[in-house]
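1. Predicted structure and sequence below. I'll ask about it afterward.
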Amino acid sequence: MQCLVEAMGMALPYIAMTPAAAAMKARLAIETERQIMKLLEKDIRSSNIH
């Protein structure tokens, strides 16, 4: 399911295939948070993305 969300552009690249125990997963989580905050500041919601 996560691969599908990534393919639709609703998740950061490589997040679906990164092992849960990998250090990169923590870095991707922080980057995801940053991207979400940018979208919220611009009032962009998932329903606005086509």
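-> Looks like it came in fine. Remember, it's a predicted structure, so these values are computed and weren't measured experimentally.
2. List phi and psi for the residue nearest the centre of the chain.
-> With distances taken as C-alpha atoms, centre = their mean, residue 11 lies nearest the centre of the chain, 3.1 Å away. For residue 11, the backbone dihedrals (degrees, to the nearest 10) come out as phi -140, psi 160.
3. nearest residue to it other than its sequence neighbours?
-> Counting by C-beta to C-beta, 6 or more residues apart in numbering, the nearest residue to residue 11 once its immediate chain neighbours are dropped is residue 5, at 4.7 Å. Using the backbone N, CA and C atoms, a C-beta is placed for each residue, glycine as well.
4. Pull out the buried positions in the helix or strand harbouring the one you found.
-> Per DSSP states H and E: residue 5 is located in helix 2-7. Neighbour counts using 16 or more other C-beta atoms under 10 Å place residue 6 of helix 2-7 among the buried residues.
5. what does the very next helix or strand once past it rub up against?
-> Downstream of helix 2-7, the first helix or strand assigned by DSSP H and E is helix 23-41. Contacts with helix 23-41, where a contact means C-beta atoms under 8 Å, 6 or more residues apart in numbering, come from 11, 12, 14, 15, 18, 19, 45.
6. Ramachandran coordinates for the residue lying farthest from the centre of the chain?
-> In the chain, the residue that sits farthest from the middle, by C-alpha atoms, centre = their mean, is residue 21; the gap is 17.5 Å. The phi/psi pair for residue 21 (degrees, to the nearest 10) reads phi -90, psi 0.
7. who touches it in this structure?
-> Applying C-beta under 8 Å, 6+ apart as the definition, residue 21 turns out to have no contact partners.
8. Could you report the distance from it to residue 37?
-> For residue 21, the distance to residue 37 under the criterion C-beta to C-beta, to the nearest Å works out to 26 Å.
9. how far away is the residue farthest from the centre of the chain from residue 38?
-> With the distance defined as C-beta to C-beta, residue 21 ends up 28 Å from residue 38.
10. what's the answer for residue 29, then?
-> Remark: distance between residue 29 and residue 38 (C-beta to C-beta) = 15 Å.
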